[in-house]
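S.K.: Here is a sequence with its predicted model. Questions after.
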Amino acid sequence: MPGLQHAVTIAAPPERVWAVVVDVERWPERIPTVDAVERLDAGPLAVGCRTRLQQPQLPTAVWTVTQLADGSSYSWESSSPGVTITAAHVVEPHPDGSRLTLDLTVSGPLSGIGWLLTRSLTKRYVETEAASIKRAAETSTT
């Protein structure tokens, strides 16, 4: 399956990094590759929760949480005809604070062509997301 993985070390405790990662409502103010977020379910992120994300140059997508280990990781999926995208967010302790790993995989019968068309943009977005979460976690107290 096509995809990518990107990791950064963050000079902040895992609890602070996790708080930034799961605060998806604030992503538009923290991450320049996210224009708008609409939570479609109330409460904290949990398996089954859905979030509508608008990103520049990409169609609006609804992401559904498929796996969650509170305080350390969650995965969510978005599907369109012929393509399913799975994105994982993993926060782990690190000697310098925390390590954030973002992992994205693309599957489905049209995943190959879809990946060819979006690989460069997706790589840039994932790297920007990681850098933005790093900046937010290192400069905030919540």
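M.R.: Structure received.
S.K.: Find the nearest non-adjacent residue to Ala11, please.
M.R.: Gly97 (4.5 Å; C-beta to C-beta, 6 or more residues apart in numbering). For glycine as for every other residue, the C-beta is placed from the backbone atoms N, C-alpha and C.
S.K.: If that neighbour is in a bridge, with which residues?
M.R.: His94 (DSSP bridges).
S.K.: With the one 10 residues further on instead?
M.R.: Each beta-bridge partner of Ser107 is listed here, defined by DSSP bridges: Thr84.
S.K.: was I right about it contacting Gly82?
M.R.: No. Applying C-beta atoms under 8 Å as the test, Ser107 and Gly82 come out as separate, 9.9 Å apart.
S.K.: of these two, who's got more company?
M.R.: Neighbours were tallied for Ser107 and for Gly82 using other C-beta atoms under 10 Å; the higher tally belongs to Ser107 (18 against 12).
S.K.: most residues in a single helix of this structure, which one?
M.R.: When the chain is parsed with DSSP state H, its longest helix is helix 111-139.
S.K.: for it, packing partners?
M.R.: strand 3-10, helix 14-22, helix 27-30, strand 83-94, strand 97-107 (3 or more C-beta pairs under 8 Å, 6 or more residues apart in numbering; DSSP states H and E).
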